[in-house]
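S.K.: Fold the following.
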Amino acid sequence: MPNNADDFASLFIERTHHRRILVDGGDTHEGSRVGGKPPAPLAATPPRCPVCSGPLRYVLTLAGDTLGEEIAHGKAVSLLACRDYDCLATSHKLTDPSSTVLVVHDDAPRAIQASELDTVTEGRKLTLGEATPDPIEDGYVTIDASKLGGRPGYVQAWGPKWEAKAAERGGGFFFQWSESSFATSGIESGPFTFDGGVVYVFSRIDPAMSLPELADLGAFWQSS
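M.R.: Predicted coordinates:
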């Protein structure tokens with residue numbers, strides 16, 4: 001997790017650095033993870049797509065072990081996606097409601113019982129790499145890997161349009177999840193939910209601390 005004031009400053013204030021979100025070699029039943037069964041509170045009452053009312057697919061959870069408790073405060077955020085591809089494609093833009101769904105919930109272990117949120121993607125633990133400078137070319141970030149903090153690395157040139165929309169409502173870049181993480185981890189990923197692309201997540205930014213809050217979350221995705 002970001003473990004000191006300098007970490008948070010470089011990730012979320014100066015936004016010069018990021019920390020890679022890494023897929024571990026083994027699974028975990030709590031904390032930050034990807035694939036497998038969703039957190040128990042979500043499985044107990046599965047949310048539905050707010051656009052088409054159809055079933056959702058669990059993607060991942062980030063909790064205090066990666067976000068830091070200064071951001072998480074005992075909570076976690078889970079990323080879900082509509083199972084209907086045509087509906088999911090409507091979230092290529094930052095929109096409300098969105099078929100790319102972010103749910104804030106109590107940090108909790110994986111569900112034991114099956115639910116409609118379950119994914120065939122193999123469950124794995126998520127960890128963070130060391131703080132690393134964002135690679136910049138012609139003023140744009142060129143990394144499309146999974147990462148926390150810094151600035152978004154867009155696959156398509158229209159990304160900044162929706163980033164500006166987030167800023168208009170007091171939001172800022174939080175993290176991005178790239179499905180290329182599956183290829184580099186040897187994970188059995190099942191079908192690529194986002195066409196092998198990248199999901200960009202934005203959140204409210206605390207005006208006093210300049211840190212992301214687990215509130216007013218929104219996301220859009222791109223693929224090449």
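S.K.: Around the nearest residue to P191 once chain neighbours are set aside, how many other residues sit close by?
M.R.: Spatial nearest neighbour of P191, excluding adjacent residues (C-beta to C-beta, 6 or more residues apart in numbering): V120 at 7.8 Å. Bear in mind the C-beta positions are built from the backbone N, C-alpha and C, glycine included. Using other C-beta atoms under 10 Å, V120 has 11 other residues around it.
S.K.: didn't V120 look like it was pressed against G190?
M.R.: Yes. Counting by C-beta atoms under 8 Å, G190 is a contact partner of V120 at 3.9 Å.
S.K.: quick one: low-confidence parts of the protein?
M.R.: Judged against pLDDT under 70, the low-scoring parts of the chain cover residues 1-5, 188-189.
S.K.: Contact partners for the residue lying closest to T66 once chain neighbours are set aside?
M.R.: Leaving aside its sequence neighbours, T66 sits nearest to S32 (C-beta to C-beta, 6+ apart; 4.3 Å). Listed by C-beta atoms under 8 Å, 6 or more residues apart in numbering, the contact partners of S32 are 60-63, 65-67, 76, 125-127.
S.K.: Strands - which of these land there?
M.R.: 60-62, 76, 125-127 (DSSP state E).
S.K.: So which of the residues you listed is the closest to A114?
M.R.: T61 (17.5 Å; C-beta to C-beta).
S.K.: Around the closest residue to that closest one other than its chain neighbours, how many other residues sit close by?
M.R.: Nearest-residue entry for T61: S78, 4.5 Å, with adjacent residues in sequence omitted and distances by C-beta to C-beta, 6+ apart. A count of neighbours around S78, defined by other C-beta under 10 Å, yields 24.
S.K.: ok, now S178?
M.R.: S178: 23 neighbours (other C-beta under 10 Å).
S.K.: Surely it touches S146?
M.R.: Yes. With contact defined as C-beta under 8 Å, S178 reaches S146; the gap is 4.6 Å.
S.K.: May I have stretch 181-188 exported as CSV, CA atoms only?
M.R.: Extracted in CSV, the C-alpha atoms of stretch 181-188 (Å, rounded to 0.1, in the frame of the first residue of the first chain):
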residue,chain,number,x,y,z
SER,A,181,-2.3,-8.3,-16.4
PHE,A,182,-3.7,-11.7,-17.1
ALA,A,183,-1.2,-12.4,-19.9
THR,A,184,1.8,-11.5,-17.7
SER,A,185,0.6,-13.6,-14.7
GLY,A,186,-0.2,-16.9,-16.4
ILE,A,187,-3.8,-16.6,-15.0
GLU,A,188,-6.6,-18.6,-16.5
